[in-house]
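Undergrad: Here is the input, now give the coordinates:
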Amino acid sequence: DTHVHHSACMNQKHLLRFIKSKLKKDPNEIVTFRDGRFMTLAEVFASLKLTSHDLSVDTLDMHANNTFHRFDRFNLKYNPAGQSRLREIFIKTDNLLAGQ
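TA: Just a heads-up that it's a prediction; the model follows:
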């Protein structure tokens, strides 16, 4: 029996390039609904005090080591930069953008 997580199908460098390209090309795209209002991608990153220059493979911190038999640790590793809202925006398919 194979247990596959589609969120794990993209490597860190690919995800990093994708996030940076979205920040550059579509910063004003509405990507989430939080605290009673819609937020653009630029607003989400501003609220996290992050810029595209701050992002690196290390800041994404998505190394899936030491997660065997620990689903809680596994899930934490799929939050880019430790932020569940970035996972919702960039990895989930059931988000405001319908997985775009």
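Undergrad: My guess is V44 contacts E88. True?
TA: No. The criterion here is CB atoms under 8 Å, and V44 misses it with E88 at 9.8 Å. Where C-beta positions appear, they are placed from N, C-alpha and C, glycine not excepted.
Undergrad: who has more neighbours, the two?
TA: Per other CB atoms under 10 Å, whichever of V44 and E88 has more neighbours is V44, with 21 against 18.
Undergrad: In a helix, that one, correct?
TA: Yes. Under DSSP: H, G, I helix; E, B strand; the rest coil, V44 sits within a helix.
Undergrad: which residues does it contact?
TA: 31-32, 34, 85-86, 89 (CB atoms under 8 Å, 6 or more residues apart in numbering).
Undergrad: next one: K13
TA: Counted by CB under 8 Å, 6+ apart, K13 has contacts V57.
Undergrad: With the one 5 residues further on instead?
TA: Contact criterion CB under 8 Å, 6+ apart gives 10, 90 as the residues in contact with F18.
Undergrad: repeat that for 7 Å
TA: If you count contacts by CB atoms under 7 Å, 6 or more residues apart in numbering, F18 has them with F90.
Undergrad: Three-state assignment for it, please.
TA: helix.
Undergrad: how close does it get to D35?
TA: Going from F18 to D35 by CB to CB, to the nearest Å gives 26 Å.
Undergrad: Give the buried subset of the contacts of V44 as a ChimeraX selection command.
TA: In ChimeraX, a selection of the buried entries from the contacts of V44 looks like this (16 or more other CB atoms under 10 Å):
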select :31,32,85,86,89
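Undergrad: Now compare the contacts of V44 and name the two farthest from each other.
TA: R34 and L86 (12.2 Å; CB to CB).
Undergrad: returning to what we had before: what sits in contact with each of V44 and E88?
TA: T32.
Undergrad: buried set for stretch 45-52?
TA: Quick answer for stretch 45-52 (16+ other CB under 10 Å): 45, 50.
Undergrad: Compute the first-to-last residue distance for that stretch.
TA: 9 Å (CA to CA, to the nearest Å).
Undergrad: neighbouring contacts of that stretch?
TA: By CB under 7 Å, 6+ apart, stretch 45-52 touches 20, 23-24, 81, 83.
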